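Q: Build me a model from this:
(one chain, ligands or ions: 1)
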Amino acid sequence: MWISRVFYLSGLLILLSCKSSELTRLNVVVGLNVGESKEVELINGEVIKLKLIDINIVRDSLRKAVRAAFLTLSVDGEEVTLGCGNYNLPVRVGNIKIDCPVIKEITATSSYYARSAILQSDARFRLWPANSPFIQKGTFAFPLKQAWMASRTQSQNEPAGLGWAENLASDNMGYHATHDFGGAEGMEEIFSATDGLVVSSNNEVMDDYKDLPGDVRPDVVWVVDGRGWYIRYSHLNSIKPEIKAGTNIKMGQKIGYMGKQGGSGGWVHLHFGVHYRDPVTSVWEAEDAIPYLWEAYVRQYKPALLAIARPRLLARTGDEITLDGSKSLSLSGEIVTYQWIFTDRTTAEGAVQSRSYEKAGEYSEILKITDSKGNVDYDFTYVQVYDRDHPDRRIPTIHPAYYPTLNINPGDPVTFLVRTFGSDTGDEIWDFGDGTEKVKVNSGVVQRQTQNDGQYASTLHSFQKPGHYIVRVERVNEFGFPAIGHLHVTVADRRKK
Ligand SMILES: [Zn+2]
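A: You can find the predicted model right below:
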């Protein structure tokens, strides 16, 4: 009697201590082939019947790379179509939230999955109970103090195509499983997304962690968190001296500044990747962290509305491409209008639009959405267009960024930065969208061998009135092909503060 009571108490204590400190996934990960059904037990014990009915893959005309994939599923008998990766957030279906981070073909044809296994099933899904957050509250923070996707990004299986345009000659599609957030070099601060152990920093690595699923470099920090996730922060311009291999780090602790060191492609960004070993096979896997990043951002910054025009697209002149803003979402009302504002200054109403281009170049198309409460948001999708008759003629690409991106008041100086790749000629011309005169800068000529050297062209601008500004920047290369970029700058109304 006495013994059993002690056992009972210690068992309870173990249970309680696990509950308070254990970090765990809130989703379950499931692989399915087309035609296959599975019963899936969620973390709350509920069982869901899932069937993958069909996968529809959209490819570009030049490389036949996957630009979008749509998966038709039955969830407890309810049919639903999900977009895979590509800035799609999990959607609610019946009693669950579900997303598809990746399909098999993407893992089979990309160096960004090199250390991961090729998917065993046609597609992978993550399932959460409908009322569950994506990640445990208070365990994951947005690693930047930057407005959501304020600059260019590469994420969730978008083929790599920045700084330089996509490499048409390469069989490696470079589907970027992890997340690149563009920003201002040496200005944008980087913070740890989680508590954890710094296992590698500034070219040092702990003895027990030599088998990392990526580089040990002077610009890279690896943190292992309580979930056993290996979180990579790359291309840092500088790392705080106290962020040493073997030290503990707290969520929100500053790691350093954004840069373009290492294999950055020459464009300034944070590469943020989450990796883990499959608990059964021990093979490295890439975890799509966008739902967690998004949820952390929403908790911290409480946006009302999110326009989503990405990912980047690829075409030849004359090809018809589809722009899709229907992934956009409202957190406080309902989206009532979708408007596209094209680089040729024409506009169209409706989330989905077809488009073709007469001239090669890199274009940035503007999506404007409005919700039932009058909130407005913008996003941009870049389209890289090659000349149908001369696909060997390179196109320029442009990376605009600004700092700060949050809490800008009228009259505040804002730094605007730009760099153009694939151009031997021309200046960048800024149009700040507020009626002020255009400003000419020059970021020079970027060479591949020395792409990490040099600086973006910089200029300061301030906006005199509150509002939304669409800032445009353009440079034309030696073939007469333009690269056009946009930024959305929100200037606050002080009186509302
Ligand atoms: Zn990256």
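
Q: Which residue comes closest to S354 once chain neighbours are left out?
A: In space, and not counting its chain neighbours, S354 is closest to E320: 5.3 Å by CB to CB, 6 or more residues apart in numbering. C-beta coordinates here come from the backbone N, C-alpha and C atoms, glycine included.

Q: Quick check, F272 in contact with H179.
A: Yes - counting by CB atoms under 8 Å, F272 does reach H179; the two are 4.7 Å apart.

Q: any residues in contact with both of the two?
A: The contact sets of F272 and H179 overlap at A289, L293 (CB atoms under 8 Å, 6 or more residues apart in numbering).

Q: Skip the chain neighbours and tell me the closest residue to the residue in the chain positioned nearest to the ion.
A: With CB to the ion as the measure, H271 is the residue of the chain nearest to the ion, at 3.3 Å. Closest residue in space to H271, ignoring its immediate chain neighbours: S234 at 3.8 Å, by CB to CB, 6+ apart.

Q: burial count for that neighbour?
A: Other residues within reach of S234, judged by other CB atoms under 10 Å, total 23.

Q: The spatially most central residue of the chain - nearest residue in space that isn't next to it in sequence?
A: What sits nearest the mean C-alpha location of the chain, by CA atoms, centre = their mean, is S155, with 3.8 Å. The shortest distance from S155 to any non-neighbouring residue, by CB to CB, 6+ apart, is to H179 (4.5 Å).

Q: Quick check, pLDDT for the one you found.
A: Note for H179: predicted pLDDT of 97.

Q: Wait, it touches Q156, no?
A: Yes - shown here, H179 and Q156 form a contact pair, counting by CB under 8 Å, at 7.4 Å.

Q: Up against the ion, what does this protein have?
A: D180, H271 (CB under 5 Å from the ion).

Q: Would you map the helices across this structure?
A: Using DSSP state H, the helices of the chain run over 2-21, 104-108, 290-301.

Q: From the contact counts, what lies against the shortest one?
A: Contact here means 3 or more CB pairs under 8 Å, 6 or more residues apart in numbering; DSSP states H and E; on that basis helix 104-108 packs against strand 66-75.

Q: Please list all residues in contact with the residue lying closest to H461 once chain neighbours are set aside.
A: Using CB to CB, 6+ apart and skipping residues adjacent in sequence, the residue nearest H461 is F432, 5.3 Å away. If you count contacts by CB under 8 Å, 6+ apart, F432 has them with F416, V439, H461, F463, Y469, V471.

Q: go with 7 Å
A: H461, Y469, V471 (CB atoms under 7 Å, 6 or more residues apart in numbering).

Q: Ok, T322 next?
A: So T322 contacts V352, S354 (CB under 7 Å, 6+ apart).

Q: quick one: it from L89, how far?
A: According to CB to CB, to the nearest Å, T322 and L89 sit 20 Å apart.

Q: ok, the residue nearest to S155 touching N157?
A: No - look at H179 against N157 with CB atoms under 7 Å: they stay out of range, at 10.8 Å.

Q: Looking at those two, which is more packed in?
A: N157 (31 against 22).

Q: Spatially nearest residue to the more buried one (excluding sequence neighbours)?
A: G85 (3.9 Å).

Q: The one you found and V102 touch, don't they?
A: Yes - the criterion here is CB under 7 Å, and G85 meets it with V102 at 6.1 Å.

Q: any common contacting residues for those two?
A: By CB under 7 Å, 6+ apart, the residues touching both G85 and V102 are N157.

Q: my read: the residue nearest to H271 touches D219, true?
A: Yes - using CB under 7 Å as the test, S234 is close enough to D219 to be in contact (6.2 Å).

Q: Mutual contacts of these two, please.
A: G262.

Q: picking that back up, what sits in contact with each of H179 and Q156?
A: I290.

Q: May I ask you to name the longest strand in the protein?
A: strand 47-59 (DSSP state E).

Q: packing partners for it?
A: strand 28-32, strand 37-41, strand 66-75, strand 123-129 (3 or more CB pairs under 7 Å, 6 or more residues apart in numbering; DSSP states H and E).

Q: Identify the residues contacting it?
A: 30, 32-34, 36-42, 65-76, 96, 103, 122-123, 127.

Q: again with stretch 455-462
A: 185, 268, 411-419, 428, 430, 432, 439, 441-443.

Q: Show me which residues of it are buried.
A: Y456, A457, T459, H461 (16 or more other CB atoms under 10 Å).

Q: Redo these as JSON lines? Include pLDDT.
A: As requested, the buried residues of stretch 455-462 are arranged in JSON lines below (pLDDT from 0 to 100):
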{"residue": "Y456", "pLDDT": "98"}
{"residue": "A457", "pLDDT": "98"}
{"residue": "T459", "pLDDT": "98"}
{"residue": "H461", "pLDDT": "98"}
